[in-house]
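*Asks:* Need a 3D model of the sequence below.
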Amino acid sequence: MKRFFSAVSLSLFVMAIFTGPVIAAGPDMAPIAVIVESVGRQRLADSLEALGTLQANESVRVTAKVSDTIRRINFRDGQTVAAGRVLAELTNAEEAALLMEAESLEEEAQRQYERIQRLVVQGNASESLLDERRREWRTAEARVKAARSRLEDRIVTAPFSGTVGLRRVSPGALVSPGDVITTLVDDSSMKLDFTVPALYLNSARPGTLIEASSPVFPNRTFAGEVSSVDSTIEPVTRSITVRAIIPNEERILVPGMLMTLNLLRNEREAIVISEEAVIPHADQTFVMVVNTDREPYTAEQREIRLGTRMPGQVEVVSGLEVGEQIISHGTLKVRPGMPVVIKAVDDGIRPIAELLRPDPIPPGAGA
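*Replies:* You can find the predicted model right below:
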């Protein structure tokens, strides 16, 4: 029986502690020192992460068109060349001689045509003879074009401006059509192909911005934008291929490089606050707003609705206005209605340890 009463007494004692009167914050209470931050807006976008592989804007294997020996190589490994630059020359002595012969015959045919044309005007030659000389002249012109084309086939030029790769042949080597002499890439900008679920098709429109990164360049991001979207959805994975263009003025991005990218969608101006200022309670979230309308300043509990979460920050969809000041450090000591004194304003630049000093250095004081 004594044990029973002892247990009841203990229970009543505990209940008395937790059901005792709540001390309300009053104006005569000592102000609590807090650190605040000003509510502002910043550019924000939802992020969709994906993996992609870089390709050059243009890429081609430079090959020979005819079978012959290499007479001269006119480039170095890794050299930047302009469109039309002669990269290699094949032996062309026979073709050059045939072109000279064809040009000579073409000139003679033209003179014969012009001579007969004057005779026709004078009435000393027939129109049929003039037509025959015209046909001979045009045939000679065609032979010149054919000979010039065969000669040009022995000159390998760059089809566009870019950077050549490794040289695969040497002077004197016999090459055939399709044999690779070198590679040429236009790496002034890079194509980044990646796939996204078809659910996000409307978010991957041309012009949508992306941010890409690679382990090769830590702590650095490369900005680009979506240029095109594939016309079909892959039926098995229900995904679609998207292509983005990334400028590469520094020529540091290389085709074949694996990139992690974030597709920035739903861009907007949003209110963003630090995560430390948020007070979760059940399925609700609150912040402590400093009421500066009268002295002393007091803390006001405000319910807010959150949106996108980011490392160390959260988007506030409703409940706050730009310019208000909220408590970012000291929320555990403050209750609604308590007087507070602003110790420092967290501008996101100075470390918290500096703000917690007895006399924090104001922004710009050390400048």
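
*Asks:* residue closest to the middle of this structure?
*Replies:* residue 224 (2.5 Å; Cα atoms, centre = their mean).

*Asks:* So what are the sheet partners of the helix or strand harbouring it and their directions?
*Replies:* If you go by DSSP states H and E, residue 224 is part of strand 222-229. As defined by DSSP bridges, the strand partners of strand 222-229 come to strand 209-213 (antiparallel), strand 239-247 (antiparallel).

*Asks:* between the ones you listed, which one is nearest to residue 258?
*Replies:* Closest approach to residue 258 among the strands paired with strand 222-229 (Cβ to Cβ): strand 209-213, 10.2 Å. Placement of C-beta: from N, CA and C, glycine included.

*Asks:* List the buried residues for the closest one?
*Replies:* Neighbour counts over strand 209-213 (16 or more other Cβ atoms under 10 Å) mark 210, 211, 212 as buried.

*Asks:* ditto for stretch 69-89
*Replies:* Result for stretch 69-89 [16+ other Cβ under 10 Å]: buried residues 70, 73, 75, 81, 85, 87, 88, 89.

*Asks:* mind giving me a markdown table with the strands paired with strand 222-229 and columns for mean pLDDT?
*Replies:* Shown next, in a markdown table, are those (pLDDT from 0 to 100):
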| stretch | mean pLDDT |
| --- | --- |
| strand 209-213 | 91 |
| strand 239-247 | 94 |
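
*Asks:* Now distance to residue 283 too, for these, in JSON lines please.
*Replies:* Shown next, in JSON lines, are the strands paired with strand 222-229 (distance: least, Cβ to Cβ, whole Å):
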{"stretch": "strand 209-213", "distance to residue 283": "33"}
{"stretch": "strand 239-247", "distance to residue 283": "34"}
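
*Asks:* nearest to residue 156, of these?
*Replies:* strand 239-247 (28.8 Å).

*Asks:* can you dump the C-alpha coordinates of the closest one into CSV?
*Replies:* The C-alpha trace of strand 239-247 is given here as CSV (Å, rounded to 0.1, in the frame of the first residue of the first chain):
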residue,chain,number,x,y,z
SER,A,239,13.0,9.1,-71.4
ILE,A,240,14.0,11.6,-74.1
THR,A,241,17.4,12.9,-75.3
VAL,A,242,18.2,16.6,-74.9
ARG,A,243,21.1,18.4,-76.4
ALA,A,244,22.7,21.5,-74.8
ILE,A,245,25.4,23.8,-76.0
ILE,A,246,28.3,24.9,-73.7
PRO,A,247,30.7,27.6,-74.8
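
*Asks:* What is the following helix or strand past that strand packed up against?
*Replies:* The element immediately downstream of strand 239-247 (helix or strand, assigned by DSSP H and E) is strand 258-274. Applying 3 or more Cβ pairs under 8 Å, 6 or more residues apart in numbering; DSSP states H and E, one finds that strand 258-274 contacts strand 40-63, strand 180-197, strand 209-213, strand 298-310, strand 313-318, strand 325-329.
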